[in-house]
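S.K.: sequence and computational prediction follow.
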There are 2 protein chains.
Amino acid sequence: MSLLTSSEGKYLKAIYTLSAAGKESVSTNAIAALMGTKAASVSDMLGKLAEKEMINYRKYYGVNLTEKGHKTALAILRKHRLWEVFLVDKLRFPWEDISQIADELEQLEHPLLIRKLDEYLGYPKFDPYGDPIPDEFGDFQTKARVPLQDMPLEMTAKIAAVKDNSAAFLRYLDKMGIYIGARMAVLEKVEFDGSLELMIDNQRKVFVSREVAANILVQPL
Amino acid sequence: MSLLTSSEGKYLKAIYTLSAAGKESVSTNAIAALMGTKAASVSDMLGKLAEKEMINYRKYYGVNLTEKGHKTALAILRKHRLWEVFLVDKLRFPWEDISQIADELEQLEHPLLIRKLDEYLGYPKFDPYGDPIPDEFGDFQTKARVPLQDMPLEMTAKIAAVKDNSAAFLRYLDKMGIYIGARMAVLEKVEFDGSLELMIDNQRKVFVSREVAANILVQPL
DNA sequence: TAATTTTTTTAGTGTTGTCTAAATTTTTAT
DNA sequence: ATAAAAATTTAGACAACACTAAAAAAATTA
(Lines give C-alpha, C1' and ligand atoms only; values in the text may rest on other atoms or scores of the structure.)
Protein backbone atom coordinates (compact mmCIF):
# COMPACT_ATOMS: atom_id res chain seq x y z
CA MET A 1 0.00 0.00 0.00
CA SER A 2 0.90 3.63 0.41
CA LEU A 3 2.34 4.27 -3.01
CA LEU A 4 1.73 7.86 -3.94
CA THR A 5 -0.79 9.12 -6.45
CA SER A 6 0.68 11.56 -8.92
CA SER A 7 -1.08 14.44 -7.24
CA GLU A 8 0.41 13.53 -3.89
CA GLY A 9 3.79 13.45 -5.55
CA LYS A 10 3.33 16.97 -6.83
CA TYR A 11 2.45 18.23 -3.38
CA LEU A 12 5.46 16.50 -1.90
CA LYS A 13 7.75 18.09 -4.42
CA ALA A 14 6.22 21.50 -3.69
CA ILE A 15 6.76 21.03 0.03
CA TYR A 16 10.33 19.97 -0.60
CA THR A 17 10.98 23.02 -2.75
CA LEU A 18 9.58 25.35 -0.13
CA SER A 19 11.46 23.61 2.69
CA ALA A 20 14.71 23.82 0.77
CA ALA A 21 14.10 27.55 0.37
CA GLY A 22 14.89 27.88 4.03
CA LYS A 23 11.74 27.91 6.13
CA GLU A 24 11.39 25.69 9.17
CA SER A 25 7.83 24.78 8.36
CA VAL A 26 5.82 25.27 5.19
CA SER A 27 2.46 27.03 5.20
CA THR A 28 -0.73 25.91 3.52
CA ASN A 29 -0.99 29.14 1.58
CA ALA A 30 2.58 28.93 0.31
CA ILE A 31 1.86 25.49 -1.10
CA ALA A 32 -1.39 26.67 -2.66
CA ALA A 33 0.37 29.62 -4.26
CA LEU A 34 3.19 27.50 -5.67
CA MET A 35 0.85 24.87 -7.06
CA GLY A 36 -1.90 27.13 -8.29
CA THR A 37 -4.58 25.50 -6.15
CA LYS A 38 -6.67 26.74 -3.25
CA ALA A 39 -5.82 26.54 0.42
CA ALA A 40 -8.79 24.27 1.06
CA SER A 41 -7.48 21.72 -1.43
CA VAL A 42 -4.09 21.85 0.22
CA SER A 43 -5.57 21.20 3.65
CA ASP A 44 -7.28 18.11 2.29
CA MET A 45 -4.11 16.81 0.78
CA LEU A 46 -2.01 17.49 3.85
CA GLY A 47 -4.32 15.19 5.73
CA LYS A 48 -3.66 12.40 3.25
CA LEU A 49 0.08 12.92 3.22
CA ALA A 50 0.16 12.92 7.03
CA GLU A 51 -1.85 9.69 6.95
CA LYS A 52 0.85 8.16 4.78
CA GLU A 53 3.53 9.47 7.11
CA MET A 54 5.11 11.64 4.47
CA ILE A 55 4.80 14.82 6.51
CA ASN A 56 4.54 16.01 10.09
CA TYR A 57 1.39 18.02 10.22
CA ARG A 58 0.27 20.20 13.10
CA LYS A 59 -2.96 21.89 12.15
CA TYR A 60 -2.70 25.62 11.62
CA TYR A 61 1.09 25.50 12.01
CA GLY A 62 2.33 24.19 8.69
CA VAL A 63 4.19 21.04 7.73
CA ASN A 64 7.61 19.38 7.60
CA LEU A 65 8.70 16.42 5.53
CA THR A 66 9.35 13.23 7.47
CA GLU A 67 12.41 11.17 6.62
CA LYS A 68 10.20 9.04 4.39
CA GLY A 69 8.67 12.08 2.73
CA HIS A 70 12.07 13.60 2.17
CA LYS A 71 13.37 10.49 0.47
CA THR A 72 10.26 10.27 -1.67
CA ALA A 73 10.52 13.91 -2.70
CA LEU A 74 14.15 13.39 -3.67
CA ALA A 75 13.19 10.40 -5.80
CA ILE A 76 10.65 12.55 -7.64
CA LEU A 77 13.15 15.39 -8.00
CA ARG A 78 15.63 12.90 -9.43
CA LYS A 79 13.13 11.84 -12.06
CA HIS A 80 12.17 15.42 -12.85
CA ARG A 81 15.73 16.54 -13.37
CA LEU A 82 16.79 13.52 -15.38
CA TRP A 83 13.88 14.07 -17.75
CA GLU A 84 14.89 17.72 -18.01
CA VAL A 85 18.35 16.65 -19.10
CA PHE A 86 16.79 14.32 -21.65
CA LEU A 87 14.59 17.07 -23.07
CA VAL A 88 17.47 19.51 -23.45
CA ASP A 89 20.41 17.27 -24.32
CA LYS A 90 18.63 14.75 -26.52
CA LEU A 91 15.46 16.37 -27.83
CA ARG A 92 17.02 19.86 -28.01
CA PHE A 93 14.21 21.63 -26.25
CA PRO A 94 14.82 25.24 -25.24
CA TRP A 95 15.21 25.20 -21.49
CA GLU A 96 12.24 27.44 -20.83
CA ASP A 97 9.84 24.73 -22.06
CA ILE A 98 11.08 21.78 -20.09
CA SER A 99 9.71 22.22 -16.57
CA GLN A 100 6.13 21.71 -17.60
CA ILE A 101 6.86 18.57 -19.59
CA ALA A 102 9.10 17.16 -16.90
CA ASP A 103 6.30 17.73 -14.38
CA GLU A 104 4.33 15.10 -16.21
CA LEU A 105 7.19 12.75 -16.99
CA GLU A 106 8.36 12.73 -13.37
CA GLN A 107 5.18 10.98 -12.28
CA LEU A 108 5.89 7.85 -14.32
CA GLU A 109 6.38 4.90 -12.06
CA HIS A 110 8.49 2.11 -13.44
CA PRO A 111 11.38 0.53 -11.59
CA LEU A 112 13.74 0.25 -14.55
CA LEU A 113 12.81 3.33 -16.52
CA ILE A 114 14.77 5.88 -14.53
CA ARG A 115 17.80 3.65 -14.12
CA LYS A 116 17.95 3.13 -17.88
CA LEU A 117 17.37 6.80 -18.56
CA ASP A 118 20.13 7.77 -16.15
CA GLU A 119 22.52 5.36 -17.82
CA TYR A 120 21.52 6.59 -21.28
CA LEU A 121 22.13 10.20 -20.30
CA GLY A 122 25.57 9.34 -18.93
CA TYR A 123 24.75 9.75 -15.23
CA PRO A 124 24.45 13.54 -15.26
CA LYS A 125 24.99 15.30 -11.94
CA PHE A 126 23.19 18.55 -12.72
CA ASP A 127 20.08 19.46 -14.65
CA PRO A 128 19.94 22.18 -17.30
CA TYR A 129 19.22 24.84 -14.66
CA GLY A 130 22.33 23.79 -12.76
CA ASP A 131 20.40 22.07 -9.98
CA PRO A 132 21.92 18.86 -8.63
CA ILE A 133 20.39 15.48 -9.51
CA PRO A 134 20.04 13.13 -6.53
CA ASP A 135 21.36 9.61 -7.05
CA GLU A 136 19.35 6.46 -6.29
CA PHE A 137 20.03 6.89 -2.61
CA GLY A 138 19.00 10.54 -2.53
CA ASP A 139 22.55 11.86 -2.27
CA PHE A 140 23.66 14.73 -4.43
CA GLN A 141 26.63 16.97 -4.88
CA THR A 142 26.37 20.53 -3.84
CA LYS A 143 29.39 22.52 -4.73
CA ALA A 144 29.86 25.83 -3.01
CA ARG A 145 27.72 28.43 -4.70
CA VAL A 146 27.37 32.12 -4.09
CA PRO A 147 24.90 34.71 -5.32
CA LEU A 148 26.33 36.68 -8.20
CA GLN A 149 26.15 39.96 -6.24
CA ASP A 150 28.50 38.58 -3.59
CA MET A 151 31.33 37.85 -6.02
CA PRO A 152 34.40 40.01 -5.56
CA LEU A 153 35.60 41.92 -8.60
CA GLU A 154 37.69 40.08 -11.17
CA MET A 155 37.37 36.63 -9.62
CA THR A 156 36.62 33.97 -12.23
CA ALA A 157 33.59 31.76 -11.69
CA LYS A 158 31.21 29.52 -13.54
CA ILE A 159 27.49 30.24 -13.88
CA ALA A 160 26.12 27.41 -11.75
CA ALA A 161 22.38 27.77 -11.43
CA VAL A 162 19.39 30.08 -11.63
CA LYS A 163 16.89 30.66 -8.88
CA ASP A 164 14.06 31.82 -11.10
CA ASN A 165 12.96 29.27 -13.69
CA SER A 166 10.31 31.46 -15.34
CA ALA A 167 10.23 31.45 -19.11
CA ALA A 168 10.65 35.22 -19.22
CA PHE A 169 13.83 35.11 -17.17
CA LEU A 170 15.29 32.20 -19.08
CA ARG A 171 14.60 33.82 -22.42
CA TYR A 172 16.29 36.97 -21.18
CA LEU A 173 19.38 35.00 -20.20
CA ASP A 174 19.45 33.31 -23.58
CA LYS A 175 19.28 36.66 -25.31
CA MET A 176 22.17 37.95 -23.19
CA GLY A 177 24.21 34.83 -23.87
CA ILE A 178 24.25 33.82 -20.22
CA TYR A 179 24.05 30.05 -19.79
CA ILE A 180 24.80 27.39 -17.19
CA GLY A 181 28.48 26.58 -17.32
CA ALA A 182 29.61 29.87 -18.84
CA ARG A 183 32.78 31.40 -17.38
CA MET A 184 32.42 34.88 -16.05
CA ALA A 185 33.91 37.54 -13.87
CA VAL A 186 32.45 40.72 -12.40
CA LEU A 187 34.17 43.72 -13.98
CA GLU A 188 32.33 46.44 -12.14
CA LYS A 189 29.68 46.95 -9.50
CA VAL A 190 27.56 50.05 -9.81
CA GLU A 191 26.89 51.42 -6.32
CA PHE A 192 23.91 53.45 -7.39
CA ASP A 193 21.53 50.68 -8.47
CA GLY A 194 23.38 47.47 -7.69
CA SER A 195 23.77 46.53 -11.35
CA LEU A 196 26.86 44.64 -12.52
CA GLU A 197 29.04 44.59 -15.56
CA LEU A 198 30.14 41.06 -16.39
CA MET A 199 32.69 39.50 -18.68
CA ILE A 200 31.29 36.30 -20.18
CA ASP A 201 33.60 33.64 -21.62
CA ASN A 202 36.42 36.17 -21.67
CA GLN A 203 34.79 37.62 -24.74
CA ARG A 204 31.62 39.54 -24.18
CA LYS A 205 30.73 42.28 -21.74
CA VAL A 206 27.16 42.42 -20.50
CA PHE A 207 25.29 44.54 -17.99
CA VAL A 208 22.80 42.94 -15.65
CA SER A 209 20.48 44.59 -13.16
CA ARG A 210 20.47 43.86 -9.43
CA GLU A 211 17.25 41.86 -9.89
CA VAL A 212 18.82 39.64 -12.49
CA ALA A 213 22.02 39.16 -10.49
CA ALA A 214 19.97 38.15 -7.47
CA ASN A 215 18.67 35.16 -9.43
CA ILE A 216 21.99 33.81 -10.58
CA LEU A 217 24.27 31.57 -8.55
CA VAL A 218 27.92 31.14 -9.48
CA GLN A 219 30.57 28.69 -8.46
CA PRO A 220 34.02 30.16 -7.90
CA LEU A 221 36.79 28.35 -9.75
CA MET B 1 -13.91 21.76 -24.23
CA SER B 2 -13.44 18.54 -25.96
CA LEU B 3 -9.80 17.70 -25.26
CA LEU B 4 -9.56 14.11 -24.18
CA THR B 5 -8.77 12.89 -20.70
CA SER B 6 -6.15 10.18 -20.63
CA SER B 7 -8.78 7.60 -19.82
CA GLU B 8 -10.81 8.60 -22.84
CA GLY B 9 -7.69 8.27 -24.94
CA LYS B 10 -7.18 4.72 -23.76
CA TYR B 11 -10.71 3.79 -24.69
CA LEU B 12 -10.32 5.35 -28.10
CA LYS B 13 -7.16 3.38 -28.73
CA ALA B 14 -8.91 0.19 -27.65
CA ILE B 15 -11.81 0.87 -30.01
CA TYR B 16 -9.38 1.56 -32.81
CA THR B 17 -7.52 -1.68 -32.16
CA LEU B 18 -10.72 -3.69 -32.19
CA SER B 19 -12.01 -1.91 -35.30
CA ALA B 20 -8.75 -2.56 -37.10
CA ALA B 21 -9.11 -6.23 -36.24
CA GLY B 22 -11.94 -6.34 -38.73
CA LYS B 23 -15.30 -5.95 -37.07
CA GLU B 24 -17.85 -3.51 -38.41
CA SER B 25 -18.85 -2.34 -34.97
CA VAL B 26 -17.18 -2.89 -31.63
CA SER B 27 -19.06 -4.32 -28.66
CA THR B 28 -19.06 -3.07 -25.11
CA ASN B 29 -17.88 -6.41 -23.79
CA ALA B 30 -14.99 -6.59 -26.23
CA ILE B 31 -13.76 -3.21 -25.04
CA ALA B 32 -14.15 -4.21 -21.41
CA ALA B 33 -12.21 -7.42 -22.02
CA LEU B 34 -9.36 -5.66 -23.81
CA MET B 35 -9.04 -2.95 -21.22
CA GLY B 36 -9.58 -5.06 -18.13
CA THR B 37 -12.59 -3.05 -16.96
CA LYS B 38 -16.25 -3.90 -16.56
CA ALA B 39 -18.98 -3.48 -19.13
CA ALA B 40 -20.75 -0.93 -16.95
CA SER B 41 -17.70 1.32 -16.94
CA VAL B 42 -17.44 1.02 -20.69
CA SER B 43 -21.08 2.06 -21.16
CA ASP B 44 -20.41 5.19 -19.11
CA MET B 45 -17.40 6.08 -21.16
CA LEU B 46 -19.09 5.43 -24.49
CA GLY B 47 -21.62 8.06 -23.52
CA LYS B 48 -18.85 10.57 -22.98
CA LEU B 49 -17.03 9.73 -26.18
CA ALA B 50 -20.28 9.99 -28.15
CA GLU B 51 -20.85 13.38 -26.50
CA LYS B 52 -17.48 14.50 -27.81
CA GLU B 53 -18.28 13.13 -31.26
CA MET B 54 -15.45 10.64 -31.20
CA ILE B 55 -17.71 7.66 -31.83
CA ASN B 56 -21.07 6.77 -33.35
CA TYR B 57 -22.94 5.06 -30.60
CA ARG B 58 -26.23 3.24 -31.00
CA LYS B 59 -27.21 1.76 -27.67
CA TYR B 60 -27.01 -2.01 -27.50
CA TYR B 61 -25.44 -2.18 -30.97
CA GLY B 62 -21.83 -1.24 -30.42
CA VAL B 63 -19.72 1.64 -31.66
CA ASN B 64 -17.74 2.97 -34.62
CA LEU B 65 -15.09 5.66 -34.64
CA THR B 66 -16.08 8.91 -36.31
CA GLU B 67 -13.61 10.62 -38.60
CA LYS B 68 -12.56 12.78 -35.67
CA GLY B 69 -12.23 9.76 -33.38
CA HIS B 70 -10.22 7.91 -35.97
CA LYS B 71 -7.75 10.76 -36.35
CA THR B 72 -7.46 11.10 -32.61
CA ALA B 73 -6.82 7.39 -32.16
CA LEU B 74 -4.11 7.50 -34.81
CA ALA B 75 -2.45 10.42 -33.05
CA ILE B 76 -2.36 8.40 -29.84
CA LEU B 77 -1.09 5.33 -31.66
CA ARG B 78 1.62 7.47 -33.20
CA LYS B 79 2.75 8.60 -29.77
CA HIS B 80 2.59 5.09 -28.38
CA ARG B 81 4.71 3.60 -31.12
CA LEU B 82 7.28 6.40 -31.15
CA TRP B 83 7.81 5.98 -27.43
CA GLU B 84 8.19 2.24 -27.97
CA VAL B 85 10.95 2.92 -30.45
CA PHE B 86 12.60 5.23 -27.94
CA LEU B 87 12.45 2.63 -25.20
CA VAL B 88 13.98 -0.10 -27.33
CA ASP B 89 16.42 1.81 -29.53
CA LYS B 90 17.66 4.34 -27.03
CA LEU B 91 17.06 2.96 -23.54
CA ARG B 92 17.66 -0.66 -24.60
CA PHE B 93 14.54 -2.06 -23.00
CA PRO B 94 13.64 -5.63 -23.86
CA TRP B 95 10.62 -5.44 -26.11
CA GLU B 96 8.37 -7.34 -23.77
CA ASP B 97 8.47 -4.49 -21.21
CA ILE B 98 7.68 -1.55 -23.42
CA SER B 99 3.92 -1.67 -24.01
CA GLN B 100 3.05 -0.88 -20.45
CA ILE B 101 5.45 2.04 -20.21
CA ALA B 102 4.39 3.40 -23.60
CA ASP B 103 0.77 3.24 -22.42
CA GLU B 104 1.61 5.93 -19.91
CA LEU B 105 3.94 7.96 -22.11
CA GLU B 106 1.40 8.08 -24.94
CA GLN B 107 -0.95 10.18 -22.85
CA LEU B 108 1.49 13.11 -22.60
CA GLU B 109 0.07 16.13 -24.34
CA HIS B 110 2.58 18.63 -25.61
CA PRO B 111 2.58 20.05 -29.10
CA LEU B 112 6.32 19.91 -29.67
CA LEU B 113 7.25 16.82 -27.70
CA ILE B 114 6.27 14.22 -30.26
CA ARG B 115 7.66 16.17 -33.18
CA LYS B 116 11.01 16.45 -31.45
CA LEU B 117 10.96 12.83 -30.41
CA ASP B 118 10.18 11.74 -33.94
CA GLU B 119 13.05 13.81 -35.28
CA TYR B 120 15.40 12.49 -32.62
CA LEU B 121 14.52 8.90 -33.43
CA GLY B 122 15.13 9.52 -37.13
CA TYR B 123 11.50 9.40 -38.27
CA PRO B 124 11.01 5.65 -37.81
CA LYS B 125 8.24 4.06 -39.86
CA PHE B 126 7.70 0.94 -37.75
CA ASP B 127 7.70 0.24 -34.05
CA PRO B 128 9.66 -2.62 -32.45
CA TYR B 129 6.79 -5.03 -33.03
CA GLY B 130 6.78 -4.16 -36.71
CA ASP B 131 3.61 -2.12 -36.54
CA PRO B 132 3.53 1.01 -38.71
CA ILE B 133 3.85 4.45 -37.11
CA PRO B 134 1.33 7.00 -38.45
CA ASP B 135 2.78 10.35 -39.48
CA GLU B 136 1.44 13.71 -38.32
CA PHE B 137 -1.43 13.46 -40.74
CA GLY B 138 -2.37 9.93 -39.73
CA ASP B 139 -0.95 8.31 -42.83
CA PHE B 140 1.17 5.21 -42.55
CA GLN B 141 2.82 2.69 -44.78
CA THR B 142 1.47 -0.78 -44.88
CA LYS B 143 3.57 -3.05 -46.95
CA ALA B 144 2.06 -6.31 -48.06
CA ARG B 145 2.20 -8.78 -45.22
CA VAL B 146 1.17 -12.38 -45.07
CA PRO B 147 0.74 -14.82 -42.20
CA LEU B 148 3.77 -17.06 -41.86
CA GLN B 149 1.68 -20.19 -42.56
CA ASP B 150 0.73 -18.89 -45.99
CA MET B 151 4.30 -18.53 -47.23
CA PRO B 152 5.27 -20.91 -50.01
CA LEU B 153 8.30 -23.08 -49.39
CA GLU B 154 11.74 -21.59 -49.96
CA MET B 155 10.57 -18.04 -50.64
CA THR B 156 12.67 -15.47 -48.79
CA ALA B 157 10.87 -12.99 -46.55
CA LYS B 158 11.48 -10.65 -43.66
CA ILE B 159 9.84 -11.08 -40.27
CA ALA B 160 7.57 -8.03 -40.31
CA ALA B 161 5.36 -8.04 -37.24
CA VAL B 162 3.83 -10.09 -34.46
CA LYS B 163 0.14 -10.29 -33.69
CA ASP B 164 0.51 -11.32 -30.07
CA ASN B 165 2.41 -8.83 -27.92
CA SER B 166 2.29 -10.86 -24.71
CA ALA B 167 5.51 -11.05 -22.71
CA ALA B 168 5.46 -14.86 -22.84
CA PHE B 169 5.31 -14.92 -26.63
CA LEU B 170 7.95 -12.23 -27.04
CA ARG B 171 10.32 -13.98 -24.69
CA TYR B 172 9.83 -17.19 -26.62
CA LEU B 173 10.71 -15.44 -29.87
CA ASP B 174 13.82 -13.95 -28.28
CA LYS B 175 14.89 -17.38 -27.11
CA MET B 176 14.42 -18.79 -30.59
CA GLY B 177 16.33 -15.92 -32.16
CA ILE B 178 13.31 -14.70 -34.10
CA TYR B 179 13.19 -10.91 -34.32
CA ILE B 180 11.56 -8.21 -36.40
CA GLY B 181 13.61 -7.71 -39.54
CA ALA B 182 15.19 -11.16 -39.58
CA ARG B 183 15.39 -12.87 -42.98
CA MET B 184 13.74 -16.23 -43.19
CA ALA B 185 12.36 -18.89 -45.45
CA VAL B 186 10.10 -21.85 -44.81
CA LEU B 187 12.04 -25.07 -45.35
CA GLU B 188 9.28 -27.50 -44.57
CA LYS B 189 5.63 -27.63 -43.61
CA VAL B 190 4.53 -30.55 -41.48
CA GLU B 191 1.09 -31.65 -42.62
CA PHE B 192 0.31 -33.48 -39.42
CA ASP B 193 0.31 -30.59 -36.95
CA GLY B 194 0.84 -27.51 -39.09
CA SER B 195 4.28 -26.81 -37.60
CA LEU B 196 7.01 -25.26 -39.74
CA GLU B 197 10.75 -25.56 -40.08
CA LEU B 198 12.31 -22.19 -40.76
CA MET B 199 15.72 -21.01 -41.84
CA ILE B 200 16.61 -17.77 -40.06
CA ASP B 201 19.24 -15.39 -41.43
CA ASN B 202 20.49 -18.18 -43.70
CA GLN B 203 22.15 -19.65 -40.67
CA ARG B 204 19.91 -21.27 -38.16
CA LYS B 205 17.10 -23.76 -38.50
CA VAL B 206 14.22 -23.51 -36.05
CA PHE B 207 10.92 -25.32 -35.63
CA VAL B 208 7.81 -23.38 -34.76
CA SER B 209 4.35 -24.68 -33.96
CA ARG B 210 1.23 -23.76 -35.87
CA GLU B 211 0.16 -21.52 -32.98
CA VAL B 212 3.40 -19.60 -33.10
CA ALA B 213 3.34 -19.29 -36.89
CA ALA B 214 -0.19 -17.92 -36.70
CA ASN B 215 1.09 -14.95 -34.72
CA ILE B 216 3.90 -13.95 -37.05
CA LEU B 217 3.50 -11.83 -40.16
CA VAL B 218 6.18 -11.76 -42.82
CA GLN B 219 6.87 -9.50 -45.75
CA PRO B 220 8.01 -11.25 -48.91
CA LEU B 221 11.15 -9.77 -50.45
C1' DT C 1 -42.46 -18.27 -30.88
C1' DA C 2 -41.63 -18.52 -26.26
C1' DA C 3 -38.25 -19.24 -22.82
C1' DT C 4 -33.64 -18.86 -21.50
C1' DT C 5 -29.13 -16.95 -21.76
C1' DT C 6 -26.10 -13.27 -22.88
C1' DT C 7 -25.12 -8.56 -23.46
C1' DT C 8 -25.76 -3.96 -22.35
C1' DT C 9 -27.48 -0.20 -19.79
C1' DT C 10 -29.04 2.15 -15.60
C1' DA C 11 -28.90 3.19 -10.79
C1' DG C 12 -26.51 3.81 -6.90
C1' DT C 13 -21.80 3.95 -4.45
C1' DG C 14 -16.92 4.89 -3.55
C1' DT C 15 -12.48 7.25 -4.39
C1' DT C 16 -9.54 11.04 -5.75
C1' DG C 17 -8.95 15.68 -6.17
C1' DT C 18 -10.82 19.96 -6.94
C1' DC C 19 -13.82 23.97 -5.61
C1' DT C 20 -16.78 27.71 -2.75
C1' DA C 21 -18.59 29.23 1.41
C1' DA C 22 -18.64 29.21 6.17
C1' DA C 23 -16.47 28.38 10.55
C1' DT C 24 -12.46 28.49 13.31
C1' DT C 25 -7.84 29.60 14.76
C1' DT C 26 -3.87 32.49 14.68
C1' DT C 27 -1.71 36.86 13.81
C1' DT C 28 -1.57 41.77 13.64
C1' DA C 29 -2.71 46.33 14.88
C1' DT C 30 -4.81 49.76 17.54
C1' DA D 1 -5.95 43.40 25.58
C1' DT D 2 -9.13 43.34 22.46
C1' DA D 3 -10.79 44.00 17.88
C1' DA D 4 -9.87 43.44 13.07
C1' DA D 5 -7.45 40.96 9.57
C1' DA D 6 -5.36 37.00 7.71
C1' DA D 7 -4.64 32.18 7.42
C1' DT D 8 -6.39 27.65 7.88
C1' DT D 9 -9.70 24.09 8.33
C1' DT D 10 -14.27 22.05 7.80
C1' DA D 11 -18.47 21.18 5.35
C1' DG D 12 -20.78 20.39 1.35
C1' DA D 13 -20.73 20.03 -3.75
C1' DC D 14 -19.07 18.47 -8.11
C1' DA D 15 -16.53 16.00 -11.91
C1' DA D 16 -14.11 11.92 -13.56
C1' DC D 17 -13.78 7.15 -13.37
C1' DA D 18 -14.22 2.93 -11.53
C1' DC D 19 -17.26 -0.65 -9.28
C1' DT D 20 -21.64 -3.91 -7.95
C1' DA D 21 -26.29 -5.09 -8.40
C1' DA D 22 -30.41 -4.79 -10.81
C1' DA D 23 -33.13 -3.83 -14.92
C1' DA D 24 -33.73 -3.97 -19.75
C1' DA D 25 -32.79 -5.30 -24.41
C1' DA D 26 -31.02 -8.53 -27.79
C1' DA D 27 -29.59 -13.00 -29.15
C1' DT D 28 -29.95 -17.87 -28.78
C1' DT D 29 -32.16 -22.29 -28.50
C1' DA D 30 -35.53 -25.53 -27.97
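M.R.: Sure thing, it's come through.

S.K.: quick one: the helices in chain A?
M.R.: Under the criterion DSSP state H, chain A carries helices at the ranges A:6-20, A:28-35, A:39-51, A:67-85, A:98-105, A:111-121, A:167-176, A:210-213.

S.K.: can you redo the ones you listed as CSV with distance to B:Gln219 and mean neighbour count?
M.R.: Where you see a C-beta, it was placed from the backbone N, CA and C, and this is true even at glycine. Listed next are the helices of chain A as CSV, based on distance: least, CB to CB, whole Å; neighbours: other CB atoms under 10 Å in any protein chain shown:
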stretch, distance to B:Gln219, mean neighbour count
helix A:6-20, 41, 20
helix A:28-35, 51, 18
helix A:39-51, 53, 16
helix A:67-85, 36, 21
helix A:98-105, 35, 19
helix A:111-121, 30, 15
helix A:167-176, 47, 15
helix A:210-213, 59, 16
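
S.K.: nearest to chain B, out of the ones you listed?
M.R.: helix A:111-121 (4.2 Å; CB to the nearest CB).

S.K.: elements contacting that closest one?
M.R.: helix A:67-85 (3 or more CB pairs under 8 Å, 6 or more residues apart in numbering or on different chains; DSSP states H and E).

S.K.: who touches the helix it packs on?
M.R.: A:4, A:9, A:12-13, A:15-16, A:49, A:53-55, A:65, A:98-99, A:101-103, A:105-108, A:114, A:117-118, A:121, A:124, A:126-129, A:131-136, A:138, A:140 (CB atoms under 8 Å, 6 or more residues apart in numbering or on different chains).

S.K.: okay, A:Pro147: pLDDT?
M.R.: A:Pro147 carries a pLDDT value of 89.

S.K.: who's in contact with it?
M.R.: A:Pro147 makes contacts with A:Ala213, A:Ala214, A:Ile216, A:Leu217, A:Val218, as judged by CB under 8 Å, 6+ apart.

S.K.: with A:Val63 instead?
M.R.: Per CB under 8 Å, 6+ apart, neighbours of A:Val63: A:Ile15, A:Ser25, A:Val26, A:Leu46, A:Leu49, A:Ala50, A:Ile55, A:Asn56, A:Tyr57.

S.K.: please redo it, this time with the cut-off set to 7 Å
M.R.: A:Ile15, A:Ser25, A:Val26, A:Leu46, A:Ile55, A:Asn56, A:Tyr57 (CB atoms under 7 Å, 6 or more residues apart in numbering or on different chains).

S.K.: list the beta-bridge partners for it.
M.R.: In this structure, A:Val63 bridges to A:Val26, A:Tyr57 when assessed by DSSP bridges.

S.K.: any idea how far the most centrally placed residue in chain A is from B:Ile31?
M.R.: What sits nearest the mean C-alpha location of chain A, by CA atoms, centre = their mean, is A:Asp131, with 5.4 Å. Distance, A:Asp131 to B:Ile31, by CB to CB, to the nearest Å: 44 Å.

S.K.: now A:Asn56
M.R.: Counting by CB to CB, the gap from A:Asn56 to B:Ile31 is 45 Å.

S.K.: circling back: now do the contacts for the residue nearest to the centre of chain A.
M.R.: A:Arg81, A:Ala161.

S.K.: tell me which of the contacts of A:Val63 is nearest to chain B?
M.R.: Taking the contacts of A:Val63 together and measuring to chain B by CB to the nearest CB, the closest member is A:Ile15, at 24.5 Å.

S.K.: quick one: the closest one from B:Asp174, how far?
M.R.: Distance from A:Ile15 to B:Asp174, by CB to CB: 44 Å.

S.K.: buried residues in stretch A:182-201?
M.R.: Residues A:Ala182, A:Met184, A:Ala185, A:Val186, A:Lys189, A:Ser195, A:Leu196, A:Leu198, A:Met199, A:Ile200 are the ones in stretch A:182-201 that count as buried (16 or more other CB atoms under 10 Å in any protein chain shown).

S.K.: now the second one, which residues is it bridged with?
M.R.: A:Met184 has the following beta-bridge partners by DSSP bridges: A:Ala157, A:Ile200.
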